[in-house]
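A.B. asks: Build me a model from this:
(chains A, B, C and D)
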2 protein chains.
Amino acid sequence: MAEPPIRSRILEEARDLFVAQGAAAVTMRGVAARVGVTPMALYRYFPSREELLGALVEQGHATFLGYLNRSLRETTPLARLAVAGEQYLRFALEHPQSYAVMFMERDVPVGRAGAADAGEGAATFRFLVDRVRDCSAAGALEVADAEETALVVWAHVHGLVSLFLAGKLPLAEREFADLYRRSIDALLRGFAPPAAAPASASARRATGRRVRGGTVATRAR
Amino acid sequence: MAEPPIRSRILEEARDLFVAQGAAAVTMRGVAARVGVTPMALYRYFPSREELLGALVEQGHATFLGYLNRSLRETTPLARLAVAGEQYLRFALEHPQSYAVMFMERDVPVGRAGAADAGEGAATFRFLVDRVRDCSAAGALEVADAEETALVVWAHVHGLVSLFLAGKLPLAEREFADLYRRSIDALLRGFAPPAAAPASASARRATGRRVRGGTVATRAR
DNA sequence: GTCTATAGGTGGATAGAC
DNA sequence: GTCTATCCACCTATAGAC
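C.D. replies: The predicted model follows:
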């Protein structure tokens, strides 16, 4: 315990390289040099570089789930969904390299399955589906298919985040965060139940946009 | 003219490798072998592999703009926006490798500028802004900031497309295309003007979702 | 001008000695 | 377990033949 196992040391150094300079910087040679062994020694613990990266991605998914779980402190379904969205953004901004490899890379070395039903990634998606289902059950959203709606919401936030992280959006982080929130409002407005419309509609007519009451406006930090 | 210039031959073979196996497959050795010259010969026409890839990306943007332009045949602003969305999807599905390198890759070798104001990419974004502005002017959408709204719409479709292309969505192409259309409906519903709501709202209450009349439902092909 | 030959650098990975 | 050889594939660059 006092002596960190070599395997952990490897993962540690790999992770540092990973978050600092991205997946491309995680070379067997580079990691080995930092650990203090020859490149070949790493192959005793990881059969290939792919597997090493896979372990890092798994670690990323676990961290990500930790962020999302903080949204469960909220008291209303809609607030939980909203805060989950905030936490999604927080994770992406605080761990951009991890986010990129988890969701933006092609041929991700995730677990073993090929589709979206893979282990780690599935858990985070399930989380979002549950949030949507809660809102639907509480009448906060009008949802025909919770999985599909969750997927649409996921795609929306991912689209924003991935474009921002790829440097395609000429916005400062602060501006982007505001845009992120406003656009989620707009999207959820499309799933708002007709019954709940009146209050929302009046407020909307007044401000021009950015509505959806205090419950949802709850901030994460 | 009868003899295709070597430079064109190079681009041609590079493009084939590119669309078939992605950017990683475009190696100087691989391209040179197919052209029938040595790897070094390529450096007479392209200073580096980066520049070669850049030329391919530029070509991709040009093709993309061609797809989008087809939406201008429509007669209403909303229909033009909707068909532009259809064409966006078509391009992504018909040129997945190009799409990936243009929008999903990090450190894209686009032109020279660093931000989103780069040459080729900017033109396609401008196109979308124009579509949104048209809708806003015609009262079809309630838009405070056309650039921001266009960006949100872009992020939305990009999110869907990029997740699908990355294999994160357990959907067949057909299912995905349907989902794509429905989700855009939902998003635009969030930007729908309160005045236009009545007709839309009644139809919506009847079907449960998938509204927004025949004008928008116009298909691309 | 265009290409070949060749050499240097980075990376991943296998085989087999210690 | 760890290491030394060693091989392979790739990009880049210089020298010099045609």
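
A.B. asks: contacts and neighbour counts: CA atoms only from here.
C.D. replies: OK.

A.B. asks: Show me what the helix or strand harbouring A:R174 packs onto, helices and strands only.
C.D. replies: Using DSSP states H and E, A:R174 maps to helix A:173-190. If you count contacts as 3 or more Cα pairs under 8 Å, 6 or more residues apart in numbering or on different chains; DSSP states H and E, helix A:173-190 packs onto helix A:146-165, helix B:173-190.

A.B. asks: nearest residue to A:H158 other than its sequence neighbours?
C.D. replies: B:G159 (5.4 Å; Cα to Cα, 6 or more residues apart in numbering or on different chains).

A.B. asks: ok, now which ones touch that neighbour?
C.D. replies: By Cα atoms under 8 Å, 6 or more residues apart in numbering or on different chains, the residues touching B:G159 are A:W154, A:A155, A:H156, A:V157, A:H158, A:G159, A:L160, A:S162.

A.B. asks: Try it again at 6 Å.
C.D. replies: A:A155, A:H156, A:H158, A:G159 (Cα atoms under 6 Å, 6 or more residues apart in numbering or on different chains).

A.B. asks: which one of these has the most neighbours?
C.D. replies: A:H156 (27 neighbours; other Cα atoms under 10 Å in any protein chain shown).

A.B. asks: measure that residue to DNA strand D for me?
C.D. replies: Separation of A:H156 from DNA strand D (Cα to the nearest atom of the strand, to the nearest Å): 35 Å.

A.B. asks: That residue against B:V157, yeah?
C.D. replies: No - using Cα atoms under 6 Å, A:H156 makes no contact with B:V157, being 7.6 Å away.

A.B. asks: Dihedrals phi and psi, the residue of chain A found nearest DNA strand C?
C.D. replies: Ranking the residues of chain A by distance to DNA strand C (Cα to the nearest atom of the strand) places A:T27 first, at 3.2 Å. Dihedral pair for A:T27: phi -110, psi 150, per degrees, to the nearest 10.

A.B. asks: Please report how far it lies from B:L151.
C.D. replies: To B:L151, A:T27 is 36 Å away according to Cα to Cα, to the nearest Å.

A.B. asks: same question, A:G22
C.D. replies: Counting by Cα to Cα - A:G22 and B:L151 are separated by 26 Å.

A.B. asks: how long is stretch A:142-149 end to end?
C.D. replies: 10 Å.

A.B. asks: thinking again about what came up before, would TSV of the contacts of B:G159 with distance to DNA strand C be doable?
C.D. replies: Shown next, in TSV, are those (distance: Cα to the nearest atom of the strand, whole Å):
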residue	distance to DNA strand C
A:A155	31
A:H156	33
A:H158	28
A:G159	29
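
A.B. asks: from the residues you listed, which is closest to DNA strand D?
C.D. replies: Nearest member of these to DNA strand D, counting by Cα to the nearest atom of the strand, is A:G159, at 29.8 Å.

A.B. asks: the inter-axis angle of the helix holding A:R174 versus helix B:173-190?
C.D. replies: Angle of helix A:173-190 versus helix B:173-190, following axes from the mean of the first three to the mean of the last three Cα atoms, to 10 degrees, is 100 degrees.

A.B. asks: who's in contact with helix A:173-190?
C.D. replies: By Cα under 6 Å, 6+ apart, the list of residues contacting helix A:173-190 from outside reads A:R210, B:A186, B:L187, B:R189, B:G190.

A.B. asks: Neighbour count for A:T27 and B:L151, which is higher?
C.D. replies: Taking other Cα under 10 Å, A:T27 and B:L151 do not tie; B:L151 has more neighbours (20 against 17).

A.B. asks: any idea of the pLDDT on that one?
C.D. replies: B:L151 is assigned 94 on the pLDDT scale.

A.B. asks: Contacts only, for it.
C.D. replies: Applying Cα under 6 Å, 6+ apart to B:L151 gives no contacts.

A.B. asks: ditto for the one 3 residues further on
C.D. replies: For B:W154, the contact set (Cα under 6 Å, 6+ apart) is empty.

A.B. asks: A:R44: neighbouring residues, count only.
C.D. replies: 9.

A.B. asks: for the record, mean pLDDT for whatever helix or strand A:L81 lives in?
C.D. replies: In this assignment (DSSP H and E), A:L81 forms part of helix A:77-94. If you average the pLDDT over helix A:77-94, you get 97.

A.B. asks: quick check, the helix or strand following it touching chain B?
C.D. replies: Remark: after helix A:77-94, the chain's next helix or strand is helix A:96-99, criterion DSSP H and E. No - figure legend: helix A:96-99 not in contact with chain B (Cα under 6 Å from any Cα of the partner chain); closest approach 10.7 Å.

A.B. asks: Around A:E50, how many other residues sit close by?
C.D. replies: Here the number of neighbours of A:E50 (other Cα under 10 Å) works out to 13.

A.B. asks: Alpha carbons of the strand or helix carrying A:V129, as CSV, please.
C.D. replies: If you go by DSSP H and E, A:V129 is part of helix A:119-137. This file holds the C-alpha atoms of helix A:119-137, laid out as CSV (Å, rounded to 0.1, in the frame of the first residue of the first chain):
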residue,chain,number,x,y,z
GLY,A,119,-20.5,-0.8,-20.1
GLU,A,120,-19.4,2.6,-18.8
GLY,A,121,-21.0,4.8,-21.4
ALA,A,122,-24.3,3.1,-21.0
ALA,A,123,-24.5,4.0,-17.3
THR,A,124,-24.3,7.7,-18.0
PHE,A,125,-26.9,7.4,-20.7
ARG,A,126,-29.1,5.5,-18.4
PHE,A,127,-28.8,8.3,-15.9
LEU,A,128,-30.1,10.8,-18.4
VAL,A,129,-33.0,8.5,-19.4
ASP,A,130,-33.9,8.3,-15.8
ARG,A,131,-33.9,12.1,-15.4
VAL,A,132,-36.2,12.4,-18.4
ARG,A,133,-38.5,9.7,-17.2
ASP,A,134,-38.8,11.5,-13.9
CYS,A,135,-39.8,14.7,-15.6
SER,A,136,-42.3,12.9,-17.7
ALA,A,137,-43.8,11.1,-14.8
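
A.B. asks: Kind regards, and thank you for your time.
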